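Visitor: Sequence and predicted structure are below.
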Amino acid sequence: MEKKWWHGKTAYQIYPKSFQDSNGDGIGDLRGIISRLDYLRDLGIDLLWLSPIYPSPFVDQGYDISDYCNIAPVFGTLDDFDELLSKARDRGIDLIMDLVLNHCSSEHPWFKKACADPLSPEADYFYIRKGRDGQPPDNLRSYFGGSVWSKLPGHEDEDLWYCHYFAREQPDLNWNNPQLREQIYSLVNFWIDRGVKGFRIDAILSIVKDLSFPGLLPDAAGDGMSHAANMNALLLDRIGPYLNELKERTFVRADCFTVGEVLTVTDKSVREFAGTNGYFSTMFDLSCRAVIESAPHYTQFTTLGPDEFASCVFATQELYQQAGAMTAPILDNHDEPRGVSYFMPEYLQNAQGARALATVQLTLRGIPFIYQGDELGMTNTHFASIDEFNDLYALDEYRHALESGLSDEQALRCVAWHSRDNARTPMLWDDSASAGFTSGKPWLRLHQDWRTVNVKNQLHDENSVLHTYRRLTALKHDSRWHDVLAWGDFTRCPVGSGMIAFWRHDENCTLLTIVNTRQDVFTMDLTRAPGADLALSAPDHHCCDLIFAANGVSLVNTILTLGCGGAAVICLRHKAMA
Ligand code: GLC
């Protein structure tokens with residue numbers, strides 16, 4: 001595989017509203033991020049993804065952009081941004097911006113012009129269509145519930161609809177229009193010219209539309225509609241020309257790192273999207289989310305335990321490896337509940353479980369993205385009432401749950417365990433009022449554990465989740481393990497239910513990552529581990545080194561013992577050490 005500058009890097013996602021406030025308005029901002037750059041450097045971060053910081057009405061927390069070439073005043077100014085970029089660079093950190101190109105905000109001047117004059121050139125930047133028999137043009141359901149069509153503002157008395165796969169305040173952009181595409185390339189280049197080194201590309205599969213808007217057979221939700229994602233999957237083959245042009249006109253100019261938010265992946269699409277000449281550098285591993293969210297509503301979502309988590313993640317590893325591509329392993333992000341609350345058994349939904357999951361995530365093949373707060377072991381937030389939620393999706397699902405006959409308590413429970421707000425609550429810096437996040441009132445409630453789970457406490461504790469993350473990123477930067485962790489092959493090591501184990505190996509070195517999520521103690525002679533012959537057929541096989549351990553691990557000669565939650569990385573052979 002051709003080596004790229006971003007291979008072997010560790011990325012971190014900042015949710016700007018909740019990272020660090022500098023001016024007491026209760027909302028995080030760029031100067032707040034600047035003040036925490038040393039923290040990110042010490043955490044071993046190489047790439048920093050900022051969720052959207054552009055001007056926006058924030059109906060969908062900035063994923064509704066009203067000006068692509070500026071900074072939302074609540075976050076700061078372009079000067080603040082330039083300072084952030086250069087101070088991050090001084091610390092060896094490159095910035096990644098969020099590109100939301102499937103839709104803009106209904107407050108964007110393009111959409112305002114389209115509404116003012118549906119015959120204007122800007123009107124064709126959107127999908128504006130006549131309905132069918134007084135109904136919307138098709139029966140697709142938006143990602144946030146309800147039809148993907150709404151009446152064009154200002155034209156409610158006419159049979160004129162516009163398409164939005166997400167909220168009605170997020171009108172979809174018409175990528176068939178060449179002028180629109182030019183505008184897109186120029187806004188991407190605006191940020192590249194400022195020094196941005198990469199982009200996270202939002203909801204990109206939704207940009208392809210069948211212009212006959214045929215709709216689909218109703219899915220299982222029982223509302224006569226079909227989820228818009230089903231249409232995306234059908235049209236996957238038609239996206240290539242758009243994404244190639246986007247890449248050629250923008251990303252290749254500066255050898256940018258790009259990571260796509262792509263939910264539906266197949267062997268073929270991985271190659272096309274993230275292979276050697278793929279549209280993007282990499283794509284998030286969203287396989288767990290795809291399983292959980294395969295049902296149309298929160299009320300029907302499933303849970304995943306450690307075995308299902310491992311089986312999704314391992315399948316993704318193999319898929320990408322076979323395609324000569326790299327994935328981007330995640331535990332969660334701003335759209336998902338906390339991984340430790342989702343994938344760990346109840347007795348490990350705590351710091352131990354967080355250390356175990358981190359060990360897996362940071363030694364998998366690919367570019368791991370740590371989501372803010374994961375490095376503290378933050379779990380889901382306890383929301384006491386629906387008034388404590390902010391996310392439009394959660395509020396919509398709550399309404400839907402009530403309509404479908406659930407009691408208030410049941411509806412709340414449903415939303416609480418899956419809401420995107422779980423992981424959007426403020427970063428916990430210390431045990432002072434508002435957790436050091438703001439001197440004012442935080443825009444979203446604090447996580448219940450803020451007095452104990454915070455950066456200040458964890459910096460003093462060598463065994464903390466934070467120090468575990470630091471040790472893991474240090475492992476990735478260590479010249480002895482860097483290459484095998486960056487490029488080494490991935491092979492499963494099936495040692496039984498409740499165990500998550502895999503090999504990383506190249507011609508010089510073989511590592512075993514192994515995690516025990518069971519309650520009982522696990523013991524194994526490493527020479528008998530499935531796949532140990534990867535390493536032990538070599539003459540210098542007697543070298544068995546514990547290079548990383550957390551939560552109670554012992555290695556005596558070749559006998560490994562892991563307590564509940566025990567996590568280890570073991571080097572079975574290393575030429576330089578033999
Ligand atoms: C992506 C974002 C999510 C947003 C949606 C619409 O999935 O991650 O937060 O709501 O796109 O832009």
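Guide: That came through fine.

Visitor: From here on, just use CA atoms for contacts and neighbour counts.
Guide: Fine.

Visitor: If we ignore the residues flanking it in sequence, what's nearest the residue of the stretch 301-450 of the chain found nearest the ligand?
Guide: Of all residues in the stretch 301-450 of the chain, Asp335 sits closest to the ligand, at 5.4 Å by CA to the nearest ligand atom. Nearest residue to Asp335, sequence neighbours excluded (CA to CA, 6 or more residues apart in numbering): Arg420, at 4.8 Å.

Visitor: still on that earlier bit, from what I can see the residue of the stretch 301-450 of the chain closest to the ligand touches His418, true?
Guide: No: assessed by CA atoms under 8 Å, Asp335 is found out of contact with His418, at 9.3 Å.

Visitor: quick one, which of these two is more surrounded?
Guide: Neighbours were counted for Asp335 and for His418 using other CA atoms under 10 Å; His418 has more, 24 against 16.

Visitor: What pLDDT is listed against that one?
Guide: On pLDDT, His418 comes in at 91.

Visitor: For it, which residues are in contact?
Guide: Going by CA atoms under 8 Å, 6 or more residues apart in numbering, His418 touches Tyr298, Glu336, Pro337.

Visitor: now swap in Lys151 and tell me
Guide: Here Lys151 is in contact with Asp159, Leu160, Trp161, Tyr162 (CA under 8 Å, 6+ apart).

Visitor: Per-residue pLDDT of it, please?
Guide: On pLDDT, Lys151 comes in at 98.

Visitor: so it bridges to which residues?
Guide: When bridges are taken as DSSP bridges, the partners of Lys151 come out as Trp161.

Visitor: Would you quantify the distance from it to Tyr127?
Guide: In this view, Lys151 and Tyr127 are 12 Å apart by CA to CA, to the nearest Å.

Visitor: One more: Leu180?
Guide: 12 Å.

Visitor: now do His382
Guide: For His382, the distance to Tyr127 - CA to CA - is 40 Å.

Visitor: who's more crowded, those two?
Guide: Tyr127 (19 against 15).

Visitor: measure stretch 548-566 end to end?
Guide: The straight-line separation of the ends of stretch 548-566 (CA to CA) is 11 Å.

Visitor: Alongside the ligand, which residues does the stretch 51-200 of the chain contribute?
Guide: Applying CA under 6 Å from any ligand atom, we find that the stretch 51-200 of the chain lies next to the ligand at Asp60, Tyr63, Phe166.

Visitor: now, among the residues you listed, which is nearest to the ligand?
Guide: For these, the minimum distance to the ligand (CA to the nearest ligand atom) is 4.5 Å, reached by Tyr63.

Visitor: Pretty sure that closest one sits against Pro52.
Guide: Yes: applying CA under 8 Å, one finds Tyr63 in contact with Pro52, separated by 6.3 Å.

Visitor: rewinding a little: need the contact list for the residue of the stretch 301-450 of the chain closest to the ligand.
Guide: With contact set as CA under 8 Å, 6+ apart, Asp335 has these partners: Ser419, Arg420, Asp421, Ala423.

Visitor: Nearest spatial neighbour of Leu85, chain-adjacent residues omitted?
Guide: Leaving aside its chain neighbours, Leu85 sits nearest to Leu95 (6.6 Å; criterion: CA to CA, 6+ apart).

Visitor: Count the residues that sit near that neighbour.
Guide: Residues near Leu95, counting by other CA under 10 Å: 23.

Visitor: Remind me which helix or strand it belongs to.
Guide: Taking DSSP states H and E as the criterion, Leu95 maps to strand 94-99.

Visitor: partner strands of that strand, parallel or antiparallel?
Guide: Sheet pairing for strand 94-99, using DSSP bridges, gives strand 47-50 (parallel), strand 198-201 (parallel).

Visitor: So, low pLDDT: which residues of this protein?
Guide: Applying pLDDT under 70 to the chain flags the ranges 535-542, 573-578.

Visitor: Can you pull the residues of it lying near the ligand?
Guide: Asp60, Tyr63, Phe166, Asp202, Ala203, Asp335.

Visitor: Who are the contact partners of the residue nearest to Met499 when sequence neighbours are not counted?
Guide: Spatial nearest neighbour of Met499, excluding adjacent residues (CA to CA, 6+ apart): Asn516 at 4.8 Å. Asn516 sits next to Ala356, Gly498, Met499, Ile500, Phe522, Leu562, Gly563, Cys564, Gly565, Gly566, Ala567 when contact means CA under 8 Å, 6+ apart.

Visitor: so the fourth one, which of the three states?
Guide: Local secondary structure at Ile500 is given as strand here, using DSSP: H, G, I helix; E, B strand; the rest coil.

Visitor: On the strand side of things, show who it bridges to.
Guide: Beta-bridge partners, per DSSP bridges, of Ile500: Val515.

Visitor: if I read this right, it contacts Val515, doesn't it?
Guide: Yes: between Ile500 and Val515 there is a contact under CA under 8 Å: 5.1 Å.

Visitor: what about these two, which has more around it?
Guide: Neighbour count, other CA under 10 Å: between Ile500 and Val515, Val515 has more, with 30 against 25.

Visitor: separation between that one and Glu336?
Guide: For Val515, the distance to Glu336 - CA to CA - is 23 Å.

Visitor: Repeat that for Asp237.
Guide: 28 Å.

Visitor: Can you pick out the residue with more neighbours from these two?
Guide: Between Asp237 and Glu336, counted using other CA under 10 Å, Glu336 has the larger neighbour count: 19 against 13.

Visitor: Tell me who's in contact with the more buried one.
Guide: Glu336 sits next to Arg289, His418, Ser419, Arg420, Asn422, Ala423 when contact means CA under 8 Å, 6+ apart.

Visitor: ok, now Ser554?
Guide: Contacts of Ser554 (CA under 8 Å, 6+ apart): Leu560, Thr561, Leu562.

Visitor: Looking at those, spot the one nearest the ligand.
Guide: The ligand lies nearest to Leu562 out of the contacts of Ser554, by CA to the nearest ligand atom, at 36.4 Å.

Visitor: Quick check: that closest one touching Val521?
Guide: Yes: counting by CA under 8 Å, Leu562 touches Val521, with 5.8 Å between them.

Visitor: Give me the more crowded residue out of these two.
Guide: In this view Leu562 and Val521 are compared by other CA under 10 Å, and Leu562 has more residues nearby, 25 against 15.

Visitor: give me every residue that touches the more buried one.
Guide: Going by CA under 8 Å, 6+ apart, Leu562 touches Val515, Asn516, Val521, Phe522, Thr523, Gly552, Val553, Ser554.

Visitor: picking that back up, so which of the residues of the chain next to the ligand wins on neighbours?
Guide: When neighbours are taken as other CA under 10 Å, the top entry among those is Phe166 (27 neighbours).

Visitor: and it, what is it in contact with?
Guide: Phe166 neighbours (CA under 8 Å, 6+ apart): Ser142, Tyr143, Phe144, Val148.

Visitor: What distance do you get for it to Leu152?
Guide: From Phe166 to Leu152 the distance is 15 Å (CA to CA).

Visitor: cool, and His418?
Guide: In this structure, His418 lies at 32 Å from Leu152, with CA to CA as the measure.

Visitor: The residue nearest to Asp267 when sequence neighbours are not counted: neighbouring residues, count only.
Guide: Leaving out its chain neighbours, the residue that sits closest to Asp267 by CA to CA, 6+ apart is Leu319, at 6.2 Å. Look at Leu319: counted by other CA under 10 Å, it has 20 neighbours.
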